[in-house]
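1. This is a predicted model, with the sequence first.
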Number of protein chains: 4
Amino acid sequence: MKDKKMIFEKPQKVLFRHCDPAGIIFYPRYFEMVNDLVEAFFAEALDWPFEELLRTGGVPTAEIRLRFAAPSRHGDRLTLMLEVTRLGRASMVLNFRASADTTGELRIEGASVLVHVDATGKPTAWPTPIRTRISTEMDKIS
Amino acid sequence: MKDKKMIFEKPQKVLFRHCDPAGIIFYPRYFEMVNDLVEAFFAEALDWPFEELLRTGGVPTAEIRLRFAAPSRHGDRLTLMLEVTRLGRASMVLNFRASADTTGELRIEGASVLVHVDATGKPTAWPTPIRTRISTEMDKIS
Amino acid sequence: MKDKKMIFEKPQKVLFRHCDPAGIIFYPRYFEMVNDLVEAFFAEALDWPFEELLRTGGVPTAEIRLRFAAPSRHGDRLTLMLEVTRLGRASMVLNFRASADTTGELRIEGASVLVHVDATGKPTAWPTPIRTRISTEMDKIS
Amino acid sequence: MKDKKMIFEKPQKVLFRHCDPAGIIFYPRYFEMVNDLVEAFFAEALDWPFEELLRTGGVPTAEIRLRFAAPSRHGDRLTLMLEVTRLGRASMVLNFRASADTTGELRIEGASVLVHVDATGKPTAWPTPIRTRISTEMDKIS
């Protein structure tokens, strides 16, 4: 059996705003990109946009790591990829990759752990429709 | 023998700019704080400010991870701590911690790997004065 | 004769990353949005992307102002609009507006002055193809 | 009679994080600096820190403009200055300046309008102790 995964992708052009005096992405901007990617995943793949989700709870990031495999320059066109690699009762492990569109070169890879919390900040089981949607997608791919 | 370390600390008040709609630090802002801390470490502890260092090379972050142990709220006073835990020929491993000043509660812990590169981006040995300064500090503590 | 203008628009959803503890856009993020809009205008409307333009010069912002007519909340869908309202020898006046898609409510309006500079930072006439393209568009609308 | 003003100053080193591929401050970062300056003014000069003020209302910026008189480079040491130039019933006009410490060269000048609002977002008179403190300072200088 192969790994079960749910995959989500977005294009991202490297903008002036992302770059540092060396002309490459300043790494905290990658974490902003990854946060935008997770927000788009919840809105577009799970139909559960953050602006709705935040009314009753949240999905704080418990930990995150990124490895910067090669520099990305202003104007580069990247594809950002997110995979759900593990779905816990109230948590989710996400893997991230970004590659350059022209060469396929890997630019970043990493992972994070998200936790679903209620309005008081207590870890809370994922709603059934969300769990079902992710599980179904993960089964499709396996 | 205890671990050999070189330690550097800075206070950081949690500002409006750092916080998200949940009223806590938005995690990409922690990476900006950590980057400021590394920049202050090079300027103040190593006497090798980034604006000087960048004329002949750089110290890109190869990888970084942070774990968000507890949320930090607007107005909290934190102490950010950096330790050099390993000094390679052209690399350096840094550990990070942030704690709340009033309670001592741990807010983040993590680590990064920095690489010293020349103007072409090739890994290059740390300059002798920098290596000596860090080694001396690490020996003092051990 | 009506005002001569060249108009450029982009949709922008208000993301988690843009918002402050009050749940509305933190105003420095509006300036990032406006900068992205200008970058997209040069790339898409003028076929002169910043990553190319920056090889021989730049278009620094000499001054900018924004008025925040009404708050924008997380999840709001905005349309950002840029108009070239004056084209000087080496400068350009841009007007900005953002409105909510659902209600049409004005959220921001403002203006900036850009200056075209060469590699030494000296103001330099716009290249002829750029001047022609903008003038043609401005004439069409008038 | 001279202008009545209340003045507040802070030093600010230009950090790596503030700079763009041209090696100078990316202008949205100036707006972040100015916001930090206003936050420090409320905390240190008015003894009314934002984290306290936000429990019962807010001080949204209604409009802001900055003129970038000369570029600021990574490593430059600036002094940021804020002046209260007008105190309305529920509003305040602030002027801003930043100058280079070594040369005194003006880098930015501008102004903003802040409005004091209650928890519902409605403009509300400044609390008496705040009004008194600002008025007293303004009289001292005039």
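-> Cool, got the structure.
2. what ranges do the strands span in chain A?
-> A:6-13, A:57-58, A:61-68, A:77-87, A:91-100, A:106-115, A:117-118 (DSSP state E).
3. Which one of these lies nearest to chain C?
-> strand A:6-13 (8.3 Å; C-beta to the nearest C-beta). To be clear about C-beta, it is placed using only N, CA and C from the backbone, and glycine gets the same treatment.
4. From the contact counts, what lies against that closest one?
-> When contacts are defined as 3 or more C-beta pairs under 8 Å, 6 or more residues apart in numbering or on different chains; DSSP states H and E, strand A:6-13 packs onto helix A:27-40, strand A:77-87, helix A:128-141.
5. Let's have the strands of chain A in TSV, adding distance to residue A:43 and mean neighbour count.
-> Output for the strands of chain A, formatted as TSV (distance: least, C-beta to C-beta, whole Å; neighbours: other C-beta atoms under 10 Å in any protein chain shown):
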stretch	distance to residue A:43	mean neighbour count
strand A:6-13	11	16
strand A:57-58	15	20
strand A:61-68	17	20
strand A:77-87	13	18
strand A:91-100	15	19
strand A:106-115	15	20
strand A:117-118	19	15
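6. how about those in TSV, adding mean pLDDT?
-> Below are the strands of chain A laid out as TSV (pLDDT from 0 to 100):
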stretch	mean pLDDT
strand A:6-13	95
strand A:57-58	94
strand A:61-68	98
strand A:77-87	97
strand A:91-100	98
strand A:106-115	98
strand A:117-118	96
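7. So which of those is nearest residue C:47?
-> Evaluated over the strands of chain A, closeness to residue C:47 peaks at strand A:6-13, with 14.9 Å, by C-beta to C-beta.
8. Which among the strands of chain A is found nearest to residue D:51?
-> strand A:57-58 (19.9 Å).
9. neighbours of residue A:28, just the number please.
-> The number of residues packed near residue A:28 is 22, by other C-beta atoms under 10 Å in any protein chain shown.
10. check contacts around it.
-> Contacts here follow C-beta atoms under 8 Å, 6 or more residues apart in numbering or on different chains; on that basis residue A:28 touches B:28, B:29, B:31, B:32, B:35, D:17.
11. what's around residue A:88, how many residues?
-> Neighbour tally, residue A:88, other C-beta under 10 Å: 14.
12. Pull the contacting residues for it.
-> Listed by C-beta under 8 Å, 6+ apart, residue A:88 has no contact partners.
13. and what of residue A:115?
-> Applying C-beta under 8 Å, 6+ apart, the residues near residue A:115 are A:59, A:60, A:62, A:90, A:91, A:123.
14. Could you dump the residues you listed into JSON lines and include distance to chain B?
-> Below are those laid out as JSON lines (distance: C-beta to the nearest C-beta, whole Å):
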{"residue": "A:59", "distance to chain B": "10"}
{"residue": "A:60", "distance to chain B": "7"}
{"residue": "A:62", "distance to chain B": "6"}
{"residue": "A:90", "distance to chain B": "16"}
{"residue": "A:91", "distance to chain B": "13"}
{"residue": "A:123", "distance to chain B": "13"}
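15. In chain A, which residue sits closest to chain B?
-> Among the residues of chain A, residue A:65 lies closest to chain B, at 3.3 Å counting by C-beta to the nearest C-beta.
16. tell me which residues form a beta bridge with that residue?
-> Following DSSP bridges, residue A:65 is listed with bridge partners residue A:111, residue B:65.
17. that older thread, rank the helices and strands packed on strand A:6-13 by mean pLDDT and give me the bottom one.
-> Out of the helices and strands packed on strand A:6-13, helix A:128-141 stands lowest, with a mean of 86 (criterion: mean pLDDT).
18. tell me the contacts of residue A:34?
-> Residue A:34 makes contact with A:64, A:66, A:80, A:82, A:96, A:110, A:112, according to C-beta under 8 Å, 6+ apart.
19. got it, and residue A:131?
-> A:87, A:125.
20. mind redoing it with 10 Å?
-> The contact partners of residue A:131, by C-beta atoms under 10 Å, 6 or more residues apart in numbering or on different chains, come to A:87, A:89, A:92, A:116, A:125.
21. and if you look at residue A:99?
-> Contacts for residue A:99 (C-beta under 10 Å, 6+ apart) come out as A:69, A:70, A:72, A:78, A:79, A:80, A:81, A:105, A:106, A:107, A:108, A:109.
22. Just grab the bridge partners of the residue nearest to residue A:5 when sequence neighbours are not counted for me.
-> Residue nearest to residue A:5 in three dimensions, not counting chain neighbours: residue A:83, with 4.6 Å by C-beta to C-beta, 6 or more residues apart in numbering or on different chains. In this entry, residue A:83 is beta-bridged to residue A:7, residue A:95, by DSSP bridges.
23. Please apply the same query to the one 4 residues further on.
-> Each beta-bridge partner of residue A:87 is listed here: residue A:92, as defined by DSSP bridges.
24. What's the end-to-end length of stretch A:37-44?
-> The first and last residues of stretch A:37-44 sit 10 Å apart, counting by C-alpha to C-alpha, to the nearest Å.
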